[in-house]
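K.L.:
sequence first, predicted model second:
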Amino acid sequence: MSSENTSADAAATRVKPAAERAGTRALAQDLVDVPALLAAYAELHPDPADPAQQVSFGTSGHRGSSLKVSFNEDHIAAITQAIVEYRAAQGVTGPLLMGKDTHALSGPAQDTALEVLLGNGVRTLVDSRNGYTPTPALSHAILAINADPSNREGQADGIVITPSHNPPTDGGIKYNPPHGGPADTDATNWIADRANTLLAGGLADVQRIPLAEARQHEALGTYDFLDRYVTDLPTVIDLEAIRQARVRIGADPMGGASVGYWGEIGARHGLDLTVVNPEVDSQWGFMTLDWDGKIRMDCSSPNAMASLIERMRSDGTGENESAGAAPFDIATGNDADADRHGIVTGDGGLMNPNHFLSVAIDYLYRHRHGWPAGAGVGKTLVSSSMIDRVAAGLGRPLVEVPVGFKWFVPGLLDGTGVFGGEESAGASFVRFDGSAWSTDKDGLLLCLLAAEIRAVTGQTPSEYYAELVQRYGDPVYARIDAPATAEQKAKLKRMSPSDVSADTLAGEPITAKMTEAPGNGAAIGGLKVTTENAWFAARPSGTEDVYKIYAESFISAEHLTQVQAEAKAIVDAVIAG
């Protein structure tokens, strides 16, 4: 064989770059080196003067990778000590509940947190089954304890060790105060500042005991998060309807914390439910690659959900392929901490998160007769305006808030906001009687709602959405990123409506220019501009040198492109000045 042929054969067998393999199963070279990840967690120490290695809380806690020295043992020790001091200053004296997801760094991080919590003598409750705890299960447990009239320990709060849907290289930690939902910026800013001070001081003020001593400490207890959550489900979801209609559910935990929950939900409540993939693998070698070639447990991504989508196209046995029958009536996915949902139907594939939110709202407000008649519809300002039209059709007020689920917490607690949803596939709602269920996003709940909708209406959620389109129009929605320096991002964050001189957008008169959310008057950290049939919102990224443009048109895809182009021109003109 000639050398030319040998070279040609080698080129033909060369593996494509990961980004070109989006939607295909991960290969060996795509997987994280777990021993190296764990070693870096324990052995590398952050530089307190390097912003990239400091503690920084985003909308879902502090996240990073031990390999980048942005999520290491020192970080968790400092953050946990800061949480201990914060809760003491707030008068929180009850137990602190702690759960973890399936990321490789979550176990070591929980151990570090235990050493600090028990070193401070904080009453700490961990999972009684020594398993994984979804974020919504921890939120639900906090509310259950705090609502229990027999509770004599004081108000409970919690910590979840999770980076959510982030890649296997990452770790994360977030704090939920006694209201059960995400901590607000007053809390997270204080915790981050104190943690960074502790890091700068070499952790001298961190009170910590050895892990073996912490595990035997009298202040350490357990809580059955799974039992509390599964037992209470009939108060928020019509499981009887799902059971009677024999809805076939295929639930994919995607290697995350819901892995032990789905089987128990099916067995305990007599549902026709199959756990599609019960595997837990800290490398997530069974996953299909996301759009950029990374392994990411994003249940709203067609690439990350490719295997479940393919499974819904036939039953895989060949018996139903000719008829095009799907093995399940509803298939679902959850991210690693199960606070997000992905809904797959045989007729529609993976639903766009905005589409399912619109369906969920229309269905719930028509079928939850115990909810307050005046309760509004909660949405983030970058969610689809289809929700606005659905709310108007229901005769319900729209409550539009900035990005971040924390803004829905007060309404979910007092019943004035019975539903809150984000465009990133996160939502929760209250029980049949209007009382709070969870004040954090609940991916399991929304997946079960999809099955309830199928049972009660006889339609899949995608068929339901098609009817909404016939009634309200067919929007086209997209998000793009545009480059921006740190100085430009700061200007965008400080924009005021008067900075926008344009009076039209893509051929339509501008009806509103907003830098504050109309639902609560809170700053949105950017700009939103609306017309009768379109809108855009621009926000700076907290982690990259870009700003994000969310846009939607009820006219056409071509109109959306025009909206995006003009939006970029409007924003660039302001931040360049």
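P.N.:
Received it, and whenever you're ready, just let me know what you need. Remember, predicted model here, so these are calculated numbers, not experimental data. Numbering: from 1, shown residues only.
K.L.:
low pLDDT regions in the stretch 301-450 of the chain?
P.N.:
Low-confidence segments of the stretch 301-450 of the chain (pLDDT under 70): 314-324.
K.L.:
give me phi/psi at Arg25?
P.N.:
phi -60, psi 140 (degrees, to the nearest 10).
K.L.:
Ala306 too?
P.N.:
Torsion angles, degrees, to the nearest 10, at Ala306: phi -60, psi -40.
K.L.:
same question, Thr112
P.N.:
Torsion angles, degrees, to the nearest 10, at Thr112: phi -60, psi -40.
K.L.:
can you tell me how far the spatially closest residue to it that is not a sequence neighbour is from Arg208?
P.N.:
Of all residues not flanking Thr112 in the chain, Ile76 sits nearest, at 4.3 Å (CB to CB, 6 or more residues apart in numbering). Quick note: C-beta positions are derived from backbone N, CA and C, even for glycine. According to CB to CB, to the nearest Å, Ile76 stands 11 Å off from Arg208.
K.L.:
and those two? Which one has more around it.
P.N.:
Ile76 (27 against 19; other CB atoms under 10 Å).
K.L.:
these two touch, right, that one and Gly172?
P.N.:
No - at 10.3 Å, Ile76 does not count as touching Gly172 under the criterion of CB atoms under 8 Å.
K.L.:
intersection of neighbour lists for Ile76 and Arg208?
P.N.:
Val116 (CB atoms under 8 Å, 6 or more residues apart in numbering).
K.L.:
contacts only, for Ala26.
P.N.:
Trp284, Gly285, Phe286, Met287, Thr288, Leu289, Ile295.
K.L.:
contact partners for the fourth one?
P.N.:
Contact partners of Met287, counting by CB under 8 Å, 6+ apart, are Arg25, Ala26, Met254, Gly255, Ile295, Arg296, Met297, Ala304.
K.L.:
again with His75
P.N.:
His75 neighbours (CB under 8 Å, 6+ apart): Pro46, Val55, His62, Gly64, Ala195, Leu199.
K.L.:
tell me the SS of it?
P.N.:
Put simply, His75 is helix when judged by DSSP: H, G, I helix; E, B strand; the rest coil.
K.L.:
what do you get for Ile480?
P.N.:
strand.
K.L.:
wait, it sits on Gln564?
P.N.:
Yes - counting by CB under 8 Å, Ile480 does reach Gln564; the two are 6.0 Å apart.
K.L.:
which of those two has more neighbours?
P.N.:
Legend: neighbour count by other CB under 10 Å for Ile480 and Gln564, higher for Gln564 (20 against 15).
K.L.:
please name the nearest non-neighbouring residue to Ser128.
P.N.:
In space, and not counting its chain neighbours, Ser128 is closest to Thr222: 3.7 Å by CB to CB, 6+ apart.
K.L.:
residues contacting the helix with the most length in the chain, please?
P.N.:
The residue-count maximum for a helix in the chain (DSSP state H) belongs to helix 557-575. For helix 557-575, contacts defined as CB under 8 Å, 6+ apart pick out 476-478, 480, 482, 484, 488-489, 491-492, 495, 499-500, 502, 505-507, 527, 529, 533-536, 538, 547, 549, 551-553.
K.L.:
narrow those to those that are buried.
P.N.:
Applying 16 or more other CB atoms under 10 Å to these, the neighbour count classes 476-477, 482, 484, 488-489, 491-492, 495, 499-500, 505-506, 527, 529, 533-536, 538, 547, 549, 551-553 as buried.
K.L.:
in a strand, Leu125, correct?
P.N.:
Yes - assessed by three-state DSSP, Leu125 belongs to a strand.
K.L.:
pLDDT value on it, please?
P.N.:
With respect to pLDDT, Leu125 has a value of 98.
K.L.:
wait, what's in contact with the spatially closest residue to it that is not a sequence neighbour?
P.N.:
Of all residues not flanking Leu125 in the chain, Tyr223 sits nearest, at 4.2 Å (CB to CB, 6+ apart). Residues in contact with Tyr223, defined by CB under 8 Å, 6+ apart, are Pro95, Leu97, Leu125, Val126, Asp127, Ser128, Ala141.
K.L.:
just checking, the first one touches Leu138?
P.N.:
No - when contacts are counted by CB under 8 Å, Pro95 is not listed as touching Leu138 (12.0 Å).
K.L.:
neighbour count: those two, which is higher?
P.N.:
Using other CB under 10 Å, the more surrounded residue of Pro95 and Leu138 is Leu138, with 32 against 22.
K.L.:
quick check: that one touching Phe225?
P.N.:
Yes - counting by CB under 8 Å, Phe225 is a contact partner of Leu138 at 6.4 Å.
K.L.:
which neighbours do the two share?
P.N.:
Common neighbours of Leu138 and Phe225, using CB under 8 Å, 6+ apart, are Leu97, Gly99.
K.L.:
contact partners for the nearest residue in space to Pro397 that is not next to it in sequence?
P.N.:
Spatial nearest neighbour of Pro397, chain neighbours left out: Gly376 (4.1 Å); criterion: CB to CB, 6+ apart. Residues in contact with Gly376 (CB under 8 Å, 6+ apart) are Ala391, Arg396, Pro397, Leu398, Val399, Gly411, Thr416, Gly417, Gly519.
K.L.:
quick check: bridge partners of Gly376?
P.N.:
The partner list for Gly376 in beta bridges (DSSP bridges) reads Gly417.
K.L.:
quick check: it vs Gly420, distance?
P.N.:
From Gly376 to Gly420 the distance is 10 Å (CB to CB).
K.L.:
common neighbours of these two, please.
P.N.:
With CB under 8 Å, 6+ apart as the test, Gly376 and Gly420 both reach Gly411.
K.L.:
for stretch 255-275, buried residues please.
P.N.:
Buried-residue list, stretch 255-275, by 16+ other CB under 10 Å: 255-266, 269, 271-275.
K.L.:
what about the helices in the stretch 301-450 of the chain?
P.N.:
In the stretch 301-450 of the chain, the helices defined using DSSP state H, counting those that start in this stretch lie at 306-311, 353-367, 386-394, 409-414, 443-457.
K.L.:
and these as CSV, adding mean neighbour count and distance to Glu20?
P.N.:
Shown next, in CSV, are the helices of the stretch 301-450 of the chain (neighbours: other CB atoms under 10 Å; distance: least, CB to CB, whole Å):
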stretch, mean neighbour count, distance to Glu20
helix 306-311, 19, 14
helix 353-367, 23, 26
helix 386-394, 19, 33
helix 409-414, 20, 42
helix 443-457, 25, 30
